[in-house]
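Q: Sequence and predicted model, in that order:
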Amino acid sequence: GGGIIGLEMGTVYSTLGARLDVVEMMDGLMQGADRDLVKVWEKMNARRFDKIMLKTKTVGAQATPEGIKVSFASAKEGQAAPEAGVYDLVLQAVGRSPNGRKIGADKVGLTVNERGFVPVDKQMRSNVPSLFAIGDLVGQPMLAHKAVHEAHVAAEVAAGDTKARFDARVIPSVAYTDPEVAWVGLTEDEAKAKGIPIKKGLFPWSASGRAIANGRDEGFTKLLFDDSPEGGHRILGGGIVGTHAGDMIGEVALAIEMGADAVDIGKTIHPHPTLGESIGMAAEVARVRNDAGRRALARRRRASSLI
């Protein structure tokens with residue numbers, strides 16, 4: 001599996017000296033992340049892998065005296081499959097499924113859907129009023145930090161707080177690879193698919209004193225702002241690739257929750273020299289581009305009125 005967990009574990013085993021092949025059914029690694037972020041990761045990690053087999057399924061594994069013989073098939077009809085390979089170990093990391101149907105939840109009256117999830121309301125209450133459910137069992141994304149916040153809500157409601165709700169606008173994701181890849185909110189592809197015009201601010205870490213001093217300036221920080229007339233230029237999403245990206249993405253999540261715009265973020269003084277100041281600099285890039293666009297529009301309008 002070429003998702004987050006497979007690549008995180010692959011990073012560990014590669015660091016310990018293993019050679020790796022990656023098999024992924026989809027047409028790209030780390031699905032869900034901004035493609036620009038993943039490109040940086042791929043460039044930095046090309047040395048780790050002997051083969052990356054995209055659009056490929058694993059269809060069999062057989063123990064032999066030489067090792068585990070693994071056979072493959074193309075995930076796309078009509079395309080040739082890679083040749084079988086022999087491996088010392090096989091790591092299966094192709095996703096998880098909820099265990100709602102395996103723990104007898106229905107025996108106490110809980111509703112369990114066809115996929116094994118237990119539906120809950122905004123207070124994490126199930127269809128049985130005295131029973132709450134949180135975490136992977138209640139739906140995507142299957143992330144510990146989401147589960148913790150759901151647990152807070154459930155505990156507060158159970159203790160008598162009738163106003164507590166789980167109403168997060170966004171939930172950040174982090175791939176703890178090397179470099180780390182972190183994102184939150186909309187990606188460029190998602191904004192495009194939804195027809196939302198965006199203004200992008202991108203700050204390359206090759207211009208960051210701290211990244212250069214660390215000897216790790218391969219990354220960048222990207223912020224996306226709503227460029228529609230009614231959007232108020234508020235931040236919609238952001239992504240970071242580089243060392244400690246996961247430590248910084250929380251600021252972008254906070255900005256989205258608070259409805260911040262490029263001025264709010266860019267005018268917030270970030271300490272220097274830090275990697276975190278790249279968030280403020282990316283916002284400044286977007287703000288300058290936005291101001292330049294407004295000036296160009298004003299010039300066009302003046303020219304039109306003169307004509």
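A: Good, I have the coordinates.
Q: was I right about Lys222 contacting Ala33?
A: No: taking C-beta atoms under 8 Å as the definition, Lys222 is not a contact partner of Ala33, at 11.5 Å. The way it works is simple: take the backbone N, C-alpha and C, and place the C-beta from them, glycine included.
Q: partner residues bridging Gly237?
A: Gly185, Leu224 (DSSP bridges).
Q: Please tell me how far it sits from Ala191.
A: According to C-beta to C-beta, to the nearest Å, Gly237 stands 7 Å off from Ala191.
Q: More neighbours: which of these two?
A: Gly237 (23 against 19; other C-beta atoms under 10 Å).
Q: Relative to Val38, how far out is the more buried one?
A: 15 Å.
Q: How about Gly185?
A: 17 Å.
Q: who are the neighbours in contact with the most centrally placed residue in the chain?
A: By C-alpha atoms, centre = their mean, the chain has its centre lying nearest to Ser173, at 3.9 Å. Residues in contact with Ser173, defined by C-beta atoms under 8 Å, 6 or more residues apart in numbering, are Ile4, Gly32, Ala33, Pro141, Leu143, Ala182, Trp183, Val184.
Q: Buried members of the residues you listed into ChimeraX, please.
A: Restricted to buried positions by 16 or more other C-beta atoms under 10 Å, the ChimeraX selection for these reads:
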select :4,33,182,183,184
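Q: which among the contacts of Ser173 gets closest to Ser97?
A: Pro141 (14.0 Å; C-beta to C-beta).
Q: Can you give me the buried ones in stretch 104-111?
A: The neighbour-count check on stretch 104-111 (16+ other C-beta under 10 Å) flags Ala105, Leu110 as buried.
Q: now do the same end-to-end measure for that stretch.
A: Chord length of stretch 104-111, first to last residue, is 11 Å (C-alpha to C-alpha, to the nearest Å).
Q: Identify all contacting residues around stretch 124-135.
A: 108-111, 118-120, 123, 138, 142, 144, 146-147, 150-151, 153-154, 157-158, 166.
Q: cutoff 10 Å now
A: With contact meaning C-beta atoms under 10 Å, 6 or more residues apart in numbering, stretch 124-135 is reached by 98, 100, 105, 108-112, 117-121, 123, 137-139, 142-144, 146-158, 164-166.
Q: How about the backbone phi and psi for Ala282?
A: When read as degrees, to the nearest 10, the backbone of Ala282 gives phi -60, psi -40.
Q: ok, it touching Lys199?
A: No: Ala282 lies out of contact with Lys199 (C-beta atoms under 10 Å); the separation is 11.3 Å.
Q: Any chance you could list residues touching both of those two?
A: Leu223, Leu224, Ala262.
Q: For the last one, give me phi and psi.
A: Meaning Ala262. Dihedral angles for Ala262 - degrees, to the nearest 10 - are phi -60, psi -30.
Q: Run a quick neighbour tally on it.
A: What Ala262 shows, counting by other C-beta under 10 Å, is a neighbour count of 26.
Q: and it, what pLDDT?
A: Predicted confidence (pLDDT) at Ala262: the value is 95.
Q: dump the residue contacts of the residue lying closest to Val40 once chain neighbours are set aside.
A: Once flanking residues are discounted, Val40 sits nearest to Val241: 4.6 Å by C-beta to C-beta, 6 or more residues apart in numbering. Residues in contact with Val241 (C-beta under 10 Å, 6+ apart) are 33-34, 36-41, 44, 175, 177, 179-183, 205, 218-222.
Q: how much space between Val241 and Asp217?
A: 12 Å.
Q: repeat for Ala207
A: Ala207 is 8 Å from Asp217, by C-beta to C-beta.
Q: More neighbours: which of the two?
A: Ranked by neighbour count (other C-beta under 10 Å), Ala207 and Asp217 place Asp217 first, with 18 against 12.
Q: For Gly232, grab the count of nearby residues.
A: Neighbours around Gly232, by other C-beta under 10 Å: 10.
Q: What of the one 4 residues further on?
A: Using other C-beta under 10 Å, the number of residues around Leu236 comes to 23.
Q: now it: how far from Ala147?
A: Taking C-beta to C-beta, one finds Leu236 at 25 Å from Ala147.
Q: Gly17 is in contact with Asp88, correct?
A: No: contact criterion C-beta under 10 Å: Asp88 and Gly17 do not qualify, at 11.7 Å.
Q: and the two? which has more neighbours close in?
A: Asp88 (9 against 6).
Q: next SSE after the helix or strand hosting Val40?
A: For Val40, the host element (DSSP states H and E) is helix 35-45. Moving toward the C-terminus from helix 35-45, the next helix or strand (DSSP H and E) is strand 49-53.
Q: CA-only coordinates of that following strand in PDB, if you can.
A: What follows is strand 49-53, C-alpha atoms only, in PDB (Å, rounded to 0.1, in the frame of the first residue of the first chain):
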ATOM      1  CA  PHE A  49      12.800   2.300  -3.400                       C
ATOM      2  CA  ASP A  50      13.800  -0.200  -6.000                       C
ATOM      3  CA  LYS A  51      10.300  -0.200  -7.600                       C
ATOM      4  CA  ILE A  52       7.100   1.800  -7.200                       C
ATOM      5  CA  MET A  53       4.300  -0.100  -8.900                       C
END
